[in-house]
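[1] here's a sequence, model it:
(chains A and B)
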Amino acid sequence: MIATTSRDASQREIVPATRSRARVSSIGARAFLLEAPGDFDLIAQRRIWALSQTVNGWADLAENIPGMTNLLLIFKETPEDPDAVVARLLEAWENARSIDLKGKTIEIPVYYGGEYATDLPALCDRSRLSDHEVVRIHHEATYRVFALGSAPGFGYLHGLDPRIYMPRKPVPSLKMPKGCVTIGGMQTGVAMLTGPNGWNSIGFAALEMFDPTSPSPAMMAPGDTVRFLPARIEL
Amino acid sequence: MIEIVETGPFNTVQDLGRPGYRDIGVSASGAMDPLAVRIGNILVGNDENAAAIEVQTFPLSLRFERRIVFAVTGADGNPHLDGTELISWCAYIAEPGQVLELKQPPRLARSYISVGGGLDIPVVMGSRSTSLRGSFGGNSGRSLAKGDRIAIGEDAEIVMLPAPGLAVVAPAVALRKVFPAPVDGALPIRALPAGEHDLFAGDGEAFWRQTWRISSRSDRTGYRLSGEPIKPTASVEMRSHGVVPGVIQVPPGGEPIVQMSDANTAGGYPKIAGVIECDLWRLGQARIGARLRFVRSTHSEARAVEQAVARYVDDVRQTSRMVKRALKAMK
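    The predicted model follows:
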């Protein structure tokens, strides 16, 4: 569902979307979420990155968290006039020009198949592809880190081939191991913590991607390019 | 040093949290009742953000290895020092070897132990809070265990205290006008409608009308609520987006989840509402099995509550400083 908030209307009145207007909603009193209209693609994400850089200069802002074609803003205190915040945010969005973050390239060696690939058979059934094809399609693509979130250092990767899209599981795996290489809908990533996980595992990566004691704890950053290198394929 | 003599399984070191890293997936964590930590720290003469022990599984007892100022805040129910009952929301001096014991409070969920100088624990990413999910921060990234010994920071001026202690009026009493009492046993929690509220149509109204119960599958990450399930009129595939503590998400089963201090940093379930930040400590003090009702609020009401809380904290800070100064002058 995409909708837009009219600048004149009260912030709580959400009217149906047009393709060009963003939608702003609030979470509690201090946080506002802007969702980009249109497709889930790099074009929209580049504007989100640009918006994130713009709002970084706002003195009343505590944090901003880029998501998948959306941006969450947390203000230092509850704004006196929430409608004015919505208007300011929409204006910044209208003025946001696409930027390309100059990221680094990260190569992640992956053991495809084997004991960690618990959901590979289901993915083959759904895609009607062989396991070799699924693995080849996964490691041949180039991915971009759109945003981080959900677990320390976890990168949401964009660029998955639509042939191997796979919806999240209705019942999550209770204890998916850290390091599982997973597909969730049209996104892929590497599990950063052992725990409940609704994404589909097709392999395993041993690379440490988060260190809380490092000055830059997360290895991935928005804009980075990720390649999966098949270290072993066990099918 | 303090030594943990006895503890339940989920007691941790917490300060006011680790904000600023949600964009790399790190939850803010921090005390479930931050107001209690602030007041406790002011009472013992610390910076408000000093690390304290959050007790949510009772009993807990610990031994002080040196002379120290301490205060227990948060829950109802009184602490015992070497078997003598003390009162909560009050600073005392403990002598070396004395044992502080906290028993299960009658109604509320979480107690905080603040000590003069604070817990001397390495700061990880700007905070001493324990990240249980990430296994870092706090006491080696884990809960307290029997036999743990925790260092205490330098108490610059061991606080001047009157012999019977120095107490404050608890926030629930001092701020009675600002935080409405339970109605028919249901705690009122103020919230604002969030992004997908309208998607719930009539069930959206049922969300505000009914009484919810905090289920046993609740912890520092989130409170799961039981009640009459609410369902959106259409199923939506949301793109992952940032969330904050207080967000009320509705998974497919229709029973809401309120994200708490260890909130995930990103989510994708439809959001029906968001609890205003100033009411989160009351939720943090609500126990499993407690009943609550959501009350539709506004930004201006949220601001008024924030300002009233800030005035109360300022008042406690100024008064305790004045009393200590006066006592020093009398010496």
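
[2] quick one: low-confidence ranges for chain A?
    A:1-20 (pLDDT under 70).

[3] now do 50
    A:1-18 (pLDDT under 50).

[4] within the helices and strands, which one has the spatially most central residue of it?
    For chain A, A:Y156 is the residue whose C-alpha lies nearest the centre (C-alpha atoms, centre = their mean; 3.6 Å). Assessed by DSSP states H and E, A:Y156 sits inside strand A:155-158.

[5] only alpha carbons, please: show that strand as CSV.
    Taking Å, rounded to 0.1, in the frame of the first residue of the first chain, the C-alpha atoms of strand A:155-158 are listed here in CSV:
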residue,chain,number,x,y,z
GLY,A,155,22.7,-5.7,5.0
TYR,A,156,19.6,-5.8,2.9
LEU,A,157,20.9,-6.7,-0.6
HIS,A,158,19.2,-5.6,-3.8
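
[6] quick one: that strand near chain B?
    Yes - using C-beta under 8 Å from any C-beta of the partner chain, we find that strand A:155-158 touches chain B at A:Y156. Where you see a C-beta, it was placed from the backbone N, CA and C, and this is true even at glycine.

[7] next, count neighbours for B:G289.
    Neighbour count of B:G289, defined by other C-beta atoms under 10 Å in any protein chain shown: 11.

[8] so which bits of stretch A:21-41 are buried?
    A:21-37, A:40 (16 or more other C-beta atoms under 10 Å in any protein chain shown).

[9] what residues are bridge-paired with the residue nearest to the centre of chain A?
    For A:Y156, the beta-bridge partners are A:A147 (DSSP bridges).

[10] I'd say it and A:A147 touch.
    Yes - at 5.1 Å, A:Y156 counts as touching A:A147 under the criterion of C-beta atoms under 8 Å.

[11] quick one: distance of the strand holding A:Y156 to the chain centre.
    Computed by C-alpha atoms, centre = their mean, to the nearest Å, the separation of strand A:155-158 from the middle of its chain amounts to 5 Å.

[12] next SSE downstream of it?
    That would be, after strand A:155-158 and using DSSP H and E, strand A:173-176.

[13] can you pull the buried residues of that following strand?
    Quick answer for strand A:173-176 (16+ other C-beta under 10 Å): A:173, A:176.

[14] okay, and the beta partners of the residue in the stretch 101-250 of chain B that chain A sits nearest to?
    Going by C-beta to the nearest C-beta, chain A is nearest to B:G242 of the stretch 101-250 of chain B, at 3.1 Å. Counting by DSSP bridges, B:G242 is bridged to B:A266.

[15] contacts only, for it.
    Neighbour list for B:G242: A:31, A:33, A:65-67, A:70-72, A:149, B:22-23, B:265-266 [criterion: C-beta atoms under 8 Å, 6 or more residues apart in numbering or on different chains].

[16] quick check: of those, which lies closest to B:V44?
    Nearest to B:V44, judged by C-beta to C-beta, of the contacts of B:G242 is B:R22 at 30.2 Å.
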